[in-house]
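> what's the 3D shape of this:
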Amino acid sequence: MTKRIVVTGIGATSPLGGTAEESWQALLGGVSGNRTLEQEWVEKWQVPITMAAQAVVPSADVLTRQETKRLDPNSQFALTAAREAWADAGSPEVEPERLGVDWATGIGGLWTLLDAWDTLRERGPRRVLPMTVPMLMPNGAAAAISMDIGARAFSRTDVSACASSTESIANAFDHLQAGLADVIIAGGSEACIHPLPIASFAAMQALSKRNDDPATASRPYDVTRDGFVLGEGGAAIVLETYEHAVARGARIYAEVLGGSVTSDAYHITAPDPEGSAAARAMIAAITNAGFSIADVAHINAHATSTPVGDIAEYNALRRVFGEAVEGIPVSATKASTGHLLGGAGAIEAIFVIKALYERLAPPTINLTEQDPAIRLDVITSPRKLPDGDLLAISNSFGFGGHNAVAAFKTL
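Prediction:
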């Protein structure tokens, strides 16, 4: 028997705000989270890109000193977001063995790894911290969350590049359907605003070069788009069965219809320009729940602002919806948040959930001249969504050809 799965809590720390609500309000207000980097390493290493979308609230402002010392920044973002989501859900009373964590990251404890390597080279092996491995391992964030809330059903980590946290939501849905838990915290985080990833992404011509105007650098679908903006942060949602949520009187934001994961098997970094596997992921996420393509009323697109990526996603959307895609409101929220890599799908899922809950689709900033080859109804100011049951999807695509799509509806 198919179970109904719902969202009862949300939490985030992002380039737009220190909470999910602050991030949402800034998004609606057309705020850009991208700013000039002021760290001394920018000049020291002469990185070619001097901007990024940094988290607004430092983890040290919300976590204890011991937590910030013993957790990589990636895990710090994760714990911050998860705690907010858990509290937002009412801190549900659930048996530890019925509580799970499905978390995600694209890279993991990058800062810990590279700082430890610097310490080893400059000061020797005796000065490497004993907590280095637990802090750098990709599953460190999931472990921190599970220990914080006492989740003993399972604690799992998805690592699928920029599709990671959408995949974690799809997996959480499946795990609830399979009866492995009654409540799950799902989401993702990333902390990679570091000179090495910036230099690497810049070398592959993936980042925007608009150092002189950071706020307008991320420009999905615009004819002048020239790359994505690196972002950081974390986002979490609490999922549970409908029966469990109703029994405890929980507020319900939206229903999760499920998710789908496919693979391009095409190229390690470039998306399949035909978008066939991405299209299959969208179709499966919609139809596996018993809905039709025509039911989709809103799309949060992956839309990284890269010349090649935006076109590939449009081709995939065209495969799925045909000419009807031109009438579906599309939001491209990375224009505001930057690209959170492994955390992108989770923060964008929250934006979809809020859009359905408030029946208000968020805007895409910095779109001044839409690429004529991309015939989409891109929202540039907050737009009311219609009454009645609404279905929306959130797309995430990552290096390695990973495609993940999650579907949500109003309750």
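
> what sits closest to Val308 if chain neighbours are left out?
Ala270 (6.4 Å; C-beta to C-beta, 6 or more residues apart in numbering). No exception for glycine: its C-beta is placed from N, CA and C like everyone else's.

> and for that neighbour, the neighbour number?
For Ala270, the tally of surrounding residues (other C-beta atoms under 10 Å) stands at 14.

> so it, which of the three states?
Reducing the assignment at Ala270 to three states with DSSP: H, G, I helix; E, B strand; the rest coil gives coil.

> got it, and Gly187?
Per three-state DSSP, Gly187 ends up strand.

> show me the contacts for the residue with the shortest distance to the centre of the chain.
The central residue of the chain, meaning the one whose C-alpha is nearest the mean C-alpha position (C-alpha atoms, centre = their mean), is Ala344 at 2.1 Å. Residues in contact with Ala344 (C-beta atoms under 8 Å, 6 or more residues apart in numbering) are 162, 165, 188, 190, 231, 302, 334, 337, 396.

> restricting to C-alpha, output the one helix or strand it maps to in PDB.
Under the criterion of DSSP states H and E, Ala344 resides in helix 344-358. C-alpha atoms of helix 344-358 as PDB (Å, rounded to 0.1, in the frame of the first residue of the first chain):
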ATOM      1  CA  ALA A 344      21.500  23.100  -3.900                       C
ATOM      2  CA  GLY A 345      18.700  20.600  -4.300                       C
ATOM      3  CA  ALA A 346      17.700  20.900  -0.600                       C
ATOM      4  CA  ILE A 347      17.500  24.700  -0.500                       C
ATOM      5  CA  GLU A 348      15.600  24.600  -3.800                       C
ATOM      6  CA  ALA A 349      13.200  22.000  -2.500                       C
ATOM      7  CA  ILE A 350      12.400  24.300   0.400                       C
ATOM      8  CA  PHE A 351      11.700  27.100  -2.100                       C
ATOM      9  CA  VAL A 352       9.300  24.800  -3.900                       C
ATOM     10  CA  ILE A 353       7.600  23.700  -0.700                       C
ATOM     11  CA  LYS A 354       7.200  27.400   0.400                       C
ATOM     12  CA  ALA A 355       5.900  28.300  -3.100                       C
ATOM     13  CA  LEU A 356       3.200  25.600  -2.800                       C
ATOM     14  CA  TYR A 357       2.400  26.400   0.800                       C
ATOM     15  CA  GLU A 358       2.000  30.200   0.100                       C
END
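
> buried residues of it, list them for me.
For helix 344-358, a neighbour-count test (16 or more other C-beta atoms under 10 Å) marks 344-357 as buried.

> quick one on the thing from earlier: who wins for most neighbours among the contacts of Ala344?
When the contacts of Ala344 are compared by neighbour count (other C-beta under 10 Å), Gly188 ends up highest, at 41 neighbours.

> now do the spatially closest residue to that one that is not a sequence neighbour, the pLDDT please.
Nearest residue to Gly188 in three dimensions, chain neighbours excluded: Ser165, at 2.6 Å (C-beta to C-beta, 6+ apart). According to the predicted model, the pLDDT of Ser165 comes to 98.

> three-state assignment of Ser165?
When the structure is split into helix, strand and coil by three-state DSSP, Ser165 lands in helix.

> the closest residue to Ser263 other than its chain neighbours: what's it in contact with?
What sits nearest to Ser263 in space, not counting adjacent residues and going by C-beta to C-beta, 6+ apart, is Gly401, at 5.0 Å. Gly401 makes contact with 263-268, 271-272, 277, according to C-beta under 8 Å, 6+ apart.

> farthest-separated two in the residues you listed?
Farthest-apart pair in those is Ile268 and Ala277; separation 14.6 Å (C-beta to C-beta).

> circling back to that earlier point, dump the buried residues of helix 344-358 to TSV, plus pLDDT and distance to Pro73.
Below are the buried residues of helix 344-358 laid out as TSV (pLDDT from 0 to 100; distance: C-beta to C-beta, whole Å):
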residue	pLDDT	distance to Pro73
Ala344	98	17
Gly345	98	19
Ala346	98	16
Ile347	98	16
Glu348	98	21
Ala349	98	22
Ile350	98	20
Phe351	98	23
Val352	98	26
Ile353	98	25
Lys354	98	25
Ala355	98	29
Leu356	98	31
Tyr357	98	30
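
> ok, Arg152 touching Val94?
No: here Arg152 lies out of contact with Val94, judged by C-beta atoms under 8 Å, at a distance of 10.4 Å.

> so for these two, which residue has more residues nearby?
Comparing Arg152 with Val94 by neighbour count (other C-beta under 10 Å), the higher total belongs to Val94, at 19 against 15.

> tell me the spacing between that one and Glu240.
8 Å (C-beta to C-beta, to the nearest Å).

> now swap in Ser208 and tell me
When C-beta to C-beta is applied, the distance between Ser208 and Glu240 equals 39 Å.

> of these two, which one has the most company?
For Ser208 against Glu240, the residue with the higher neighbour count under other C-beta under 10 Å is Glu240, and the figures read 30 against 26.

> secondary structure element holding the more buried one?
Applying DSSP H and E as the criterion places Glu240 in strand 233-241.

> what secondary structure does the nearest residue to Ala170 once chain neighbours are set aside sit in?
Counting by C-beta to C-beta, 6+ apart, Gly259 is the residue found nearest to Ala170 once chain neighbours are left out, at 2.6 Å. Here Gly259 takes the strand state, with states given by three-state DSSP.

> tell me who's in contact with Gly259.
Applying C-beta under 8 Å, 6+ apart, one finds that Gly259 lies in contact with 166-167, 169-171, 173, 285, 404-407.

> returning to that earlier point: what inclination does the helix holding Ala344 have with respect to strand 233-241?
Computed by axes from the mean of the first three to the mean of the last three C-alpha atoms, to 10 degrees, the angle separating helix 344-358 from strand 233-241 equals 60 degrees.

> which of Ile268 and Ala277 has more neighbours?
Shown here are Ile268 and Ala277; by other C-beta under 10 Å, Ala277 has more neighbours (20 against 9).

> can you give me the strands for the stretch 251-400 of the chain?
Along the stretch 251-400 of the chain, the stretches classed as strands by DSSP state E, counting those that start in this stretch are 254-263, 296-300, 329-331, 360-361, 377-378, 383-384, 391-398.

> can you pick the most crowded of the contacts of Gly259?
Tallying neighbours with other C-beta under 10 Å puts Thr166 at the head of the contacts of Gly259, with 37 neighbours.

> good, wrapping up.
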